[in-house]
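Novice: Here's a sequence, model it:
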Amino acid sequence: MKGTLTGASVAALGALLMLAVQPAESKPAAKPAAKTAAESVTLTGCLHADGGKYMLTDLKGTQAPKGRSWKTAWITKSTKNVQVVSSSSGPKLKDHIGHQVTLTGVRNGETHMQARSIKHVAASCS
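Specialist: As a prediction, this is how the structure comes out:
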C-alpha cells in the first residue's frame, strides 16, 4: 500500500511540474486594446425623421457600419442605418431632413451616433 501511494504521489507531482514548466507562448495572448467609445467618425447619407428619431440612411464611405441581409443569402454586405442624436447646442438636424448630409460625431455603439457637426451635401437624397 505504501508503494502504491508513493507512486501516485510521484505521478501527481510530475503532472504539476509539467504544467508549471510549459513554455510562455502556450499562454493565451493579451487581448488588444478595445477602440475607445469616443472615437470620431464621419458618415455621409440621407437624413430622415422617424417620429422623434433621426436616421441616417444610404450611407457611403468606409466608416459606415456593414450588415448582411437574409434576402441575399448572407453573401453581400450592405450598410446599416444609423440613429442620430444631437445635443441642444449641436447641429439642427430637423433643418436637413430629406437632404444628403455629412455628419461628424461620436459613435455610440454600432448604429447610434452623437452628431457634433453637419455639412449639407445635396438638397435631395438621390
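Novice: Apart from its chain neighbours, what residue comes closest to Ser86?
Specialist: Leaving aside its chain neighbours, Ser86 sits nearest to Ala115 (4.5 Å; criterion: Cβ to Cβ, 6 or more residues apart in numbering). C-beta coordinates here come from the backbone N, C-alpha and C atoms, glycine included.
Novice: Then the one you found would be within a strand, right?
Specialist: Yes: the assignment for Ala115 is a strand, going by DSSP: H, G, I helix; E, B strand; the rest coil.
Novice: can you give me the helices in the chain?
Specialist: Assigned by DSSP state H, the helices in the chain fall at 2-20.
Novice: Any stretches of it with poor pLDDT?
Specialist: Along the chain, segments meeting pLDDT under 70 span 1-8, 10, 12-38, 68-76.
Novice: still on that earlier bit, quick one: the residue nearest to Ser86 and Pro91 touch, right?
Specialist: Yes: Ala115 is within contact range of Pro91, at 5.5 Å (criterion: Cβ atoms under 8 Å).
Novice: Need the residues touching each of those two.
Specialist: Residues touching both Ala115 and Pro91 by Cβ atoms under 8 Å, 6 or more residues apart in numbering: Leu103.
Novice: out of the two, which sits in the more crowded spot?
Specialist: Ala115 (23 against 19; other Cβ atoms under 10 Å).
Novice: how close does that one sit to Ser40?
Specialist: Ala115 sits 11 Å away from Ser40, going by Cβ to Cβ, to the nearest Å.
Novice: What is the burial count for Ser78?
Specialist: Residues near Ser78, counting by other Cβ under 10 Å: 13.
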